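Chemist: predicted model and sequence follow; I will ask about them next.
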Amino acid sequence: MKRPGPVVTLLMGLVLGLFLLSLNATTGTKAASSYQEEAPTSPSPKQSATPSSPAPGESTPSPSPTPPKPAQPNADYAGRTDDDSSAVAVSLRDGKAIAYFCDGHDKESWLKGDVKDDGTMKLTGKQGAELNGTLQDGRRIRGTVDLGGQRYGFTADKAVKPSGLYRATATVRGALVDGGWVVLPGDGDDQVGIVNRDGEPAPAPEIDPETGVVTIDGEQLTAEPVTP
């Protein structure tokens, strides 16, 4: 039996090599195609709507607290009208106010009301009397008094005892006596007051600024500080 020649052997090897190369190429293409088909598509990341938490060591800023409203002072105020014809005293306690207007002869009025948080006040009295004022930095009250068809501007400064507002009420010799005094800032010697005897007004005698003692129709009375 004859062995195949060198040429035949070479051709057989070449054919085998081409067959194997073709087989590898086909297998690689299918594997790549199969891998591409099976690879899942990654979903797009969604943006979280939850706010991020502060990093460790960081504190969340808290809203600024609302400053408290300043409380109105408990104090007394006394002064004169702009035309220097009359005196005005106002006493403030816990948002309430009582005031006295007096010309020292025959015109007077007691007024009362509330003090608002901004320091404004509207006090009312008999026969339509009205005081409108504003507390300025706790040191003075600036305002007006409407009485008997007239308007009086006034400034009342903060009063230190014995300055302030005083009143005495008693029955003297069968008559009802009601007296009011505005003791103006100073040493207590500057006073304006009226005493009513059964509703009849007259200039009031001076009170002792240290004790409040006053003598009316021969009888000694004590005028007390007035507060709301």
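Modeler: Okay, I see it. Source: prediction; values computed, not measured. Numbers count the residues shown, from 1 in each chain.

Chemist: tally of neighbours for Asp114?
Modeler: 13 (other Cβ atoms under 10 Å). All C-beta spots, glycine's among them, are computed from the backbone N, C-alpha and C.

Chemist: measure Phe101 to Ala75 for me?
Modeler: 19 Å (Cβ to Cβ, to the nearest Å).

Chemist: tell me which of these two has more neighbours.
Modeler: Phe101 (27 against 17).

Chemist: residues in contact with the more buried one?
Modeler: With contact taken as Cβ atoms under 8 Å, 6 or more residues apart in numbering, Phe101 is in contact with 86-88, 107-109, 111, 129, 131, 145, 147, 152.

Chemist: what does Ser85 give?
Modeler: 103, 152.

Chemist: can you check Lys122 too?
Modeler: When contacts are counted by Cβ under 8 Å, 6+ apart, Lys122 touches 113-114, 130-132.

Chemist: ditto for Leu135
Modeler: Applying Cβ under 8 Å, 6+ apart, the residues near Leu135 are 72, 92, 115, 119-121, 141.

Chemist: please report phi then psi for Gln127.
Modeler: Backbone torsions for Gln127, taken as degrees, to the nearest 10, come to phi 60, psi 40.

Chemist: on that earlier part again, pick out whichever of the contacts of Lys122 sits closest to Val192.
Modeler: Nearest to Val192 among the contacts of Lys122 is Leu131, at 16.0 Å by Cβ to Cβ.

Chemist: coming back round to it: in strands, which of the contacts of Phe101 fall?
Modeler: Cross-referencing the contacts of Phe101 against strands under DSSP state E gives 87-88, 108-109, 111, 131, 145, 147, 152.
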